[in-house]
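In: What follows is a predicted protein model with its sequence.
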Amino acid sequence: MARDQIDMTPLQSRDELVAWIEAGVKPESEFRIGTEHEKTPFTLEGHQPVPYEGAKGIGALLEGMKLLLGWEPIMERGNIIGLYDVTGGGAISLEPGGQFELSGAPVETVHQTQSELMAHLAQVREIATPLGIGFLGLGMTPSWSREQIPVMPKGRYKIMRNYMPKVGKYGLDMMFRTCTVQTNLDFSSEADMVKKLRVSLALQPIATALFANSPFTEGKPNGFLSFRSEIWRDTDNARSGMIPFAFEDGMGYERYVDYALDVPMYFVKRGDEYIDVSGSSFRDFFAGKNKILPGERPTLSDWANHLSTIFPEVRLKRYLEMRGADGVPWGRLPALPAFWVGLLYDNDSLDAAWDIVRHWTAPERQALRDDVPRFGFKSRIKDRYLFEIAKECLILSHAGLRRRGRIDHLGRDESRFLEPLERIIETGRSPAEEMLEKFSGPWKGSVEPVYQEYAF
């Protein structure tokens with residue numbers, strides 16, 4: 001989420017909460033693709049975390065990007081904490097441990113996603129290299145302890161940092177040590193939203209396995225292929241997970257609103273101040289019963305901000321966000337939007353994908369979600385290995401992208417962006433398994449080579 005929303009109209013009825021989400025509906029001709037990715041900054045010398053302060057810190061990096069891009073700074077208490085393109089392009093924001101996030105503009109094709117990515121990386125490199133900063137494309141920092149990682153000066157993170165240890169084992173690891181790549185996609189109606197939400201929720205473990213890229217913690221193998229995905233299993237289960245109600249009869253915007261009303265809040269923003277209301281529900285706030293803000297009613301901005309603090313495997317806002325993948329090196333980033341666009345934006349592929357998952361039960365989907373961080377492609381559901389299902393989905397995605405027929409200047413369609421995933425399926429090994437082989441082979445038991453081989 002690049003920046004907190006500003007709309008101070010007090011809410012009168014639950015219908016307005018529903019209408020806010022429903023306003024995302026678009027005709028198919030206006031469907032867009034949004035891609036967000038995070039990357040971990042490190043010092044080129046010594047491979048240490050990068051502090052916010054100082055002549056070679058994250059603040060200086062953002063100042064440099066501001067001058068280069070001419071984007072508007074996002075300020076908080078005198079600190080630059082992000083940038084956005086006023087013309088509706090992308091935004092750059094900071095995650096709690098300095099992870100540098102590009103929230104891409106809504107684009108029409110995966111070709112444009114790739115162009116945007118290449119431009120962004122060239123711009124970041126131009127500013128970061130003289131500052132001695134590099135960036136890592138992994139799902140989790142491979143060598144640092146939590147204590148080593150500096151905290152970015154953002155009010156909402158202070159509130160989250162105090163609250164997280166109360167609700168799960170790994171919340172602080174999620175905040176400070178993980179990176180993801182995420183794709184945001186549109187829907188054309190409530191029924192279309194529900195169908196896409198169900199298919200993508202059920203299949204999110206496939207993205208987790210294909211992009212599994214976080215096998216190291218503090219310099220040693222951690223026993224997982226995607227430890228980032230494992231972290232989400234015990235971060236805050238009141239606001240994350242596989243949201244089984246999405247598969248029940250009567251699912252729609254209202255059902256999601258009712259779920260979100262009961263998710264505990266983190267903060268309410270008033271002016272520049274973040275007010276800690278952690279643990280209280282939006283439902284109570286809506287009824288004027290928040291203990292910290294008695295009698296006060298939420299605004300549409302409060303609602304939009306609250307929805308951005310809910311973290312299920314697929315999140316509904318005014319579009320659907322695919323949240324199951326680890327951060328990866330630049331060559332593999334466009335593969336994530338390509339995979340989901342091929343499955344969800346082509347109706348034949350969407351129907352075929354629904355046929356794959358429609359008979360899975362909630363406990364089976366949950367068991368698959370629970371197994372995939374450790375076992376990857378070897379996880380099973382209904383007597384099938386995830387590997388076979390991943391292979392099938394990749395074929396469906398490929399066919400969907402071919403039918404979409406969005407051609408670049410060389411006459412190639414978007415299916416070319418699936419090549420890194422097709423190579424993974426050919427070898428039968430996730431990126432994490434490949435990395436673990438290097439660790440026990442040519443890397444001689446050290447994670448240091450990742451700072452070359454997996455850097456942007």
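Out: That came through, no problem. Numbers count the residues shown, from 1 in each chain.

In: burial count for Phe311?
Out: For Phe311, the count of nearby residues is 16 (other C-beta atoms under 10 Å). Glycine gets a C-beta too; all of them are placed from N, C-alpha and C.

In: For it, what are phi and psi?
Out: Phe311 adopts backbone torsions of phi -130, psi 50, taken as degrees, to the nearest 10.

In: which residue is nearest the centroid of this protein?
Out: Nearest to the geometric centre of the chain sits Gln182, at 3.9 Å (C-alpha atoms, centre = their mean).

In: and Gly82, that one's in a strand?
Out: Yes: under DSSP: H, G, I helix; E, B strand; the rest coil, Gly82 falls within a strand.

In: helices or strands up against the longest helix seen in the chain?
Out: Ordering each helix of the chain by length in residues (DSSP state H) puts helix 190-210 first. Packing partners of helix 190-210 (3 or more C-beta pairs under 8 Å, 6 or more residues apart in numbering; DSSP states H and E): strand 314-316, strand 320-326, helix 335-344, helix 347-357, helix 362-375, helix 386-404.

In: could you dump the ones you listed to TSV with mean pLDDT and mean neighbour count?
Out: Shown next, in TSV, are the helices and strands packed on helix 190-210 (pLDDT from 0 to 100; neighbours: other C-beta atoms under 10 Å):
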stretch	mean pLDDT	mean neighbour count
strand 314-316	98	23
strand 320-326	98	26
helix 335-344	98	28
helix 347-357	98	17
helix 362-375	98	19
helix 386-404	98	20
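
In: a markdown table for those, including distance to Lys444?
Out: What follows is the helices and strands packed on helix 190-210, written out as a markdown table (distance: least, C-beta to C-beta, whole Å):
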| stretch | distance to Lys444 |
| --- | --- |
| strand 314-316 | 40 |
| strand 320-326 | 24 |
| helix 335-344 | 30 |
| helix 347-357 | 42 |
| helix 362-375 | 25 |
| helix 386-404 | 30 |
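
In: rewinding a little: does the residue nearest to the centre of the chain touch His37 like I think?
Out: Yes: contact criterion C-beta atoms under 8 Å: Gln182 and His37 qualify, at 7.4 Å.

In: returning to that earlier point: average pLDDT for the next helix or strand after the longest helix of the chain?
Out: Helices and strands here follow DSSP states H and E; after helix 190-210, the next one along the chain is strand 216-217. Mean per-residue pLDDT for strand 216-217: 98.

In: that older thread, the residue nearest to the centre of the chain and Ala119, how far apart?
Out: Distance of Gln182 to Ala119, given as C-beta to C-beta, to the nearest Å: 19 Å.

In: Is the residue lying closest to Pro337 once chain neighbours are set aside in a helix, a strand, or coil?
Out: Spatially, and ignoring its direct neighbours in sequence, Pro337 is nearest to Thr183 (4.4 Å; C-beta to C-beta, 6 or more residues apart in numbering). Classification of Thr183 by three-state DSSP places it in strand.

In: one step back: just the CA coordinates for the longest helix of the chain, please, in PDB.
Out: C-alpha atoms of helix 190-210 as PDB (Å, rounded to 0.1, in the frame of the first residue of the first chain):
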ATOM      1  CA  GLU A 190     -19.600  -9.500  -8.100                       C
ATOM      2  CA  ALA A 191     -19.900 -13.100  -9.500                       C
ATOM      3  CA  ASP A 192     -16.700 -12.600 -11.500                       C
ATOM      4  CA  MET A 193     -14.900 -11.400  -8.300                       C
ATOM      5  CA  VAL A 194     -16.100 -14.500  -6.400                       C
ATOM      6  CA  LYS A 195     -15.000 -16.900  -9.000                       C
ATOM      7  CA  LYS A 196     -11.600 -15.300  -9.400                       C
ATOM      8  CA  LEU A 197     -11.200 -15.100  -5.600                       C
ATOM      9  CA  ARG A 198     -12.000 -18.800  -5.200                       C
ATOM     10  CA  VAL A 199      -9.800 -20.000  -8.000                       C
ATOM     11  CA  SER A 200      -6.800 -17.900  -6.900                       C
ATOM     12  CA  LEU A 201      -7.200 -18.700  -3.200                       C
ATOM     13  CA  ALA A 202      -7.200 -22.400  -3.900                       C
ATOM     14  CA  LEU A 203      -4.300 -22.200  -6.200                       C
ATOM     15  CA  GLN A 204      -2.200 -19.700  -4.200                       C
ATOM     16  CA  PRO A 205       0.000 -22.600  -2.900                       C
ATOM     17  CA  ILE A 206       1.000 -23.200  -6.500                       C
ATOM     18  CA  ALA A 207       2.400 -19.700  -6.700                       C
ATOM     19  CA  THR A 208       4.100 -20.300  -3.300                       C
ATOM     20  CA  ALA A 209       5.800 -23.400  -4.700                       C
ATOM     21  CA  LEU A 210       6.800 -21.900  -8.000                       C
END
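
In: could you check the angle helix 386-404 makes with that helix?
Out: Following axes from the mean of the first three to the mean of the last three C-alpha atoms, to 10 degrees, one obtains 130 degrees for the angle between helix 190-210 and helix 386-404.

In: Tell me what angle helix 190-210 forms with helix 347-357.
Out: Put simply, helix 190-210 runs at 70 degrees to helix 347-357, going by the same axes, to 10 degrees.
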